[in-house]
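Undergrad: Okay, predicted coordinates and the sequence, questions at the end:
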Amino acid sequence: MLHIANLYASVAGRTILNGLDLDVPTGEVHAIMGPNGSGKTTLSNVLSGRDGYDVSGTVTFDGVDLVPLAPEARAAAGVFVAFQHPVEIPGVGNMYFLRTAVNSIRSHRGLPELAAVEFLGLAKEHMARLAMDPAFLSRSVNAGFSGGEKKRNEILQMSMLEPRLAILDETDSGLDIDALRIVAQGIERLRSPHRSMLIITHHTPLLDDVQPDRVHVLHGGRIVRSGGPELAHELEADGYGTLPIGVSG
Amino acid sequence: MSVTAHAPIPTERDERWHYAPLDEINARMERSVAPCGDVPTSVTPMLIDAMVGATGARLVFVNGMHTAELSDCHQLPAGVRCDVSNTSGGGGPPVATVTVDEGVRFEEPLRVVHVAVPDADAVKSLLSRARTIIELGTDAHAVVVETFGGLDGSRASTMTESSTTIRLGDRAELAYYRIQIEALDATHVGHTLIDQGADSSVGMTSVTLGGDIARNAIHVHLDGPGARADLAGIAVTGGHQRHDTVVTIDHAASRCTSNQRFNGVVDDHGRGAFSGEIVVQPGTTGTDAHQSSRNLVLDPNAEADARPWLRILADDVRCTHGATVGRLDDDALHYLRSRGIPLVAARAMLIDAFLRNVTDSIAHEAVRAHVAALVTSAASEASEASTRATRPAWPVEHP
Ligand SMILES: Nc1ncnc2c1ncn2[C@@H]1O[C@H](COP(=O)(O)OP(=O)(O)OP(=O)(O)O)[C@@H](O)[C@H]1O
Ligand SMILES: [Mg+2]
């Protein structure tokens, strides 16, 4: 499904992704761990089509070259990134935003657009599962949301947009114990043989709830180690200190 | 009754015309001719409905001529009148007069519509003179929407020179909307004069979307103690449009309050300007005057200018002013696009959000919806024009 080979990304003259290789087959959940500043968020930004990076290398999604695609085209193709720091957009209503997003993607999949009432029903259903107060719909996108509420709003969007590849950048950071469980359940619900996920995290609890098929370590802008789910615990016990030093730009 | 708001277009430099292309306006004025003859058949009641987004009481003028077939002022309650009168000297244009008598409260919008229609056969642009007088008696309440609309011409365009005079009796309250949606090749020179009695209150919202060159001058004279003026404006300036908004608030009495909130969105090669003057006359006390101008520049070729101008000749004054010029938030834009919302729609959402402080404050719900729709479509049109040249958003094919 997702194939990344020899990916380089630099910004402001600084190389951050440094020949990264990664494959996530259809239906698998992979985790990425790695020290602060190793390039995890840069990777998710680059995958989402954020401009401002000089990118070279191969990124294909179901055989389609993602690199030249605009962010909305990637979303339409089924790529979703839950951002580490979801941006606040005062003045844009959360409901209007979500409905526009859902309908943009539906129309790309050849599905009819949802009318306001239908959408509202669906949104409330999803929100109930995530224990989110429907009042969040009438607020501006992420504006004044607490850290945990923003993360939940990302999971809400993911559930409603039903992506084929979900990249979760530290969605578990800043969540309380209950919220972590709810978010983990939200992720589990989306797990399917047709969908792949890439979970970026610093912590093992999420990975205990959502058992990844593979765990990778990103360091110095490349994947320096890969293993099964047990690798996460090994890293938690030993830290990143014993890793080979990545090439730094 | 004579029209007093008519401020002629100056022939030489005038500070209030700093940002307006005065020579070009005068040249266009000279090149245009007065309309003669009948109302073009292209102007139908349906067209007017669409232009104002509503049915209901209205006075309609086409190229400065009152058009009774398109007007409807029959169902008004006692004390509320929409009439047409001729200027005292004769020979001048007919005047739309909206009058609400002392103590009468009328909450339904009263509409005055001016439509500029180019001559289909001629090459010269037609000059319309639009004249309106709105008069509210003591304690009267009213909502007035004045729309300046127009049609595109195949060859010639239109020039509108408008003058609206508003007089408010003591404690009168007026919500006044001025909506300029003329054709994109039109020239518009407008002047609004508001004269306020003691403890009267005006809430004016000005929306400037149309015209190739459009100037919108607003002069508020706070003449009675305790008068309040709340002015808000939106201008969306794209293509090669030039929009110039010039506001003067004259605090001539004590305890008066004024607030100006003007937002400009400039895109493509558009140029938008706002000059806001606050005058506080000597001998007045307890003045409260605020002004803010916020501008969003969406294209490196677009330009926004904002200029406060304070002449404070008294001591007991609370006055604030501020101007900002900014761009769209790249992170917000990326966030919306990453959820599948196409670039043009994402930009339109952020532009709407930027204009919220004005659109949300429109108290009359139907007017608010109408203005919001007009502004959204103007912003996405401007946006589409300026994003057309950027990289293709879609792959040729996708499984
Ligand atoms: N626009 C930029 N300009 C300069 N340096 C940048 C820029 N963006 C990222 N970096 C640098 O690139 C490196 C990788 O950043 P990134 O955000 O990808 O790290 P991360 O692995 O997500 O870290 P964390 O675990 O703290 O979230 C950091 O050293 C960061 O300072
Ligand atoms: Mg990060």
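TA: Alright, I've got the coordinates. Ligands and ions are numbered 1, 2, ... in the order given.

Undergrad: Over whichever strand or helix holds A:Thr58, what's the mean pLDDT, rounded is fine.
TA: According to DSSP states H and E, A:Thr58 maps onto strand A:54-61. Averaging pLDDT along strand A:54-61 gives 95.

Undergrad: and that strand, anywhere near ligand 1?
TA: No. Contact between strand A:54-61 and ligand 1 is absent, the nearest approach being 11.3 Å (criterion: Cβ under 6 Å from any ligand atom). Every C-beta, even on glycine, is put in place using the N, C-alpha and C of the backbone.

Undergrad: where does the stretch 1-150 of chain B dip in pLDDT?
TA: For the stretch 1-150 of chain B, applying pLDDT under 70 flags the ranges B:1-8, B:37, B:87-90.

Undergrad: same thing with chain A?
TA: A:242-249.

Undergrad: Could you list the contact residues of it toward chain B?
TA: A:48-52, A:62-64, A:68-77, A:80-81, A:83, A:86-87, A:89-92, A:96-97, A:100-101, A:104-105, A:108, A:140-141, A:157, A:161 (Cβ under 8 Å from any Cβ of the partner chain).

Undergrad: Quick check: buried residues in stretch A:202-222?
TA: A:204, A:206-207, A:210, A:212, A:214-222 (16 or more other Cβ atoms under 10 Å in any protein chain shown).

Undergrad: Check stretch B:363-379 too.
TA: Applying 16+ other Cβ under 10 Å to stretch B:363-379 flags B:His364, B:Val367, B:Arg368, B:His370, B:Val371, B:Ala372, B:Leu374, B:Val375, B:Thr376, B:Ala378, B:Ala379 as buried.

Undergrad: Give me the nearest residue to the first one, chain neighbours excluded.
TA: If the residues on either side of it in the chain are set aside, B:His364 comes closest to B:Val143, at 5.8 Å by Cβ to Cβ, 6 or more residues apart in numbering or on different chains.

Undergrad: With the last one instead?
TA: The spatially closest residue to B:Ala379, leaving aside those adjacent along the chain, is B:Ile351, at 4.3 Å (Cβ to Cβ, 6+ apart).

Undergrad: So the one you found sits against B:Arg294, correct?
TA: No. With contacts counted by Cβ atoms under 8 Å, B:Ile351 stays clear of B:Arg294, the gap being 11.9 Å.

Undergrad: More neighbours: which of those two?
TA: B:Ile351 (25 against 21; other Cβ atoms under 10 Å in any protein chain shown).

Undergrad: okay, now the residue in chain A positioned nearest to ligand 2: neighbour count?
TA: Nearest residue of chain A to ligand 2 (Cβ to the ion) works out as A:Thr41 at 3.1 Å. Neighbourhood size, A:Thr41 [other Cβ under 10 Å]: 19.

Undergrad: ok, now the one 3 residues further on?
TA: Burial measure for A:Ser44: 22 neighbouring residues, criterion other Cβ under 10 Å.

Undergrad: just B:Ala186 next, same as before
TA: With other Cβ under 10 Å as criterion, B:Ala186 counts 27.

Undergrad: Test my guess that it contacts B:Thr158.
TA: Yes. Contact criterion Cβ under 8 Å: B:Ala186 and B:Thr158 qualify, at 4.8 Å.

Undergrad: how far away is the residue nearest to A:Tyr53 when sequence neighbours are not counted from A:Ala70?
TA: In space, A:Tyr53 comes closest to A:Ala9 once its chain neighbours are excluded; the distance is 4.6 Å by Cβ to Cβ, 6+ apart. A:Ala9 sits 17 Å away from A:Ala70, going by Cβ to Cβ, to the nearest Å.

Undergrad: Which one's more surrounded, the two?
TA: Taking other Cβ under 10 Å, A:Ala9 and A:Ala70 do not tie; A:Ala9 has more neighbours (24 against 20).

Undergrad: between the helix or strand that contains the residue nearest to A:Tyr53 and strand A:54-61, how big is the angle?
TA: Element membership of A:Ala9 [criterion: DSSP H and E] is strand A:2-11. Counting by axes from the mean of the first three to the mean of the last three Cα atoms, to 10 degrees, strand A:2-11 lies at 170 degrees to strand A:54-61.

Undergrad: who in chain A is up against ligand 1?
TA: Near ligand 1, when you scan chain A using Cβ under 6 Å from any ligand atom, you find A:11-12, A:14, A:16, A:34, A:36-42, A:84.

Undergrad: hmm, 5 Å instead?
TA: Selection of chain A residues close to ligand 1 by Cβ under 5 Å from any ligand atom yields A:Val11, A:Ala12, A:Ile16, A:Asn36, A:Gly37, A:Ser38, A:Gly39, A:Lys40, A:Thr41, A:Thr42.

Undergrad: which residues does the third one contact?
TA: Pointing back at A:Ile16 there. A:Ala9, A:Ser10, A:Gly39, A:Thr42, A:Gly221, A:Gly249 (Cβ atoms under 8 Å, 6 or more residues apart in numbering or on different chains).

Undergrad: so is it in a helix, a strand, or just coil?
TA: strand (DSSP: H, G, I helix; E, B strand; the rest coil).

Undergrad: residues making contact with stretch A:54-72?
TA: A:1-11, A:19-20, A:46-50, A:74, A:77-79, A:104, A:164-165, B:334, B:337-338, B:340-343, B:346, B:391-395, B:398-399.

Undergrad: Only C-alpha atoms, please: export stretch A:112-126 in CSV.
TA: The C-alpha coordinates for stretch A:112-126 follow below in CSV (Å, rounded to 0.1, in the frame of the first residue of the first chain):
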residue,chain,number,x,y,z
PRO,A,112,-23.7,11.4,-3.2
GLU,A,113,-23.1,14.3,-0.8
LEU,A,114,-24.6,14.1,2.6
ALA,A,115,-27.4,16.6,3.4
ALA,A,116,-27.0,18.6,6.6
VAL,A,117,-29.4,16.4,8.6
GLU,A,118,-27.9,13.1,7.5
PHE,A,119,-24.5,14.5,8.3
LEU,A,120,-25.5,15.7,11.7
GLY,A,121,-26.9,12.2,12.6
LEU,A,122,-23.7,10.5,11.4
ALA,A,123,-21.4,13.0,13.2
LYS,A,124,-23.3,12.6,16.5
GLU,A,125,-23.0,8.8,16.2
HIS,A,126,-19.2,9.0,15.8
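
Undergrad: Residues in contact with that stretch: which ones?
TA: A:Met95, A:Leu98, A:Arg99, A:Val102, A:Asn103, A:Arg106, A:Ser107, A:Pro134, A:Leu137, A:Leu156, A:Ser159, A:Met160.

Undergrad: Pull out the buried members of those residues.
TA: By 16+ other Cβ under 10 Å, these give A:Met95, A:Leu98, A:Arg99, A:Val102, A:Asn103, A:Arg106, A:Leu137, A:Leu156, A:Ser159, A:Met160 as buried.

Undergrad: Tabulate the buried residues of stretch B:363-379 (TSV), appending pLDDT.
TA: Shown next, in TSV, are these (pLDDT from 0 to 100):
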residue	pLDDT
B:His364	92
B:Val367	94
B:Arg368	94
B:His370	95
B:Val371	95
B:Ala372	92
B:Leu374	94
B:Val375	92
B:Thr376	88
B:Ala378	88
B:Ala379	82
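
Undergrad: Which of the residues you listed lies at the shortest distance from ligand 1?
TA: B:Ala379 (29.2 Å; Cβ to the nearest ligand atom).

Undergrad: got the contact list for the closest one?
TA: Here B:Ala379 is in contact with B:Val236, B:Val265, B:Asp267, B:Arg347, B:Ala348, B:Ile351, B:Asp352 (Cβ under 8 Å, 6+ apart).
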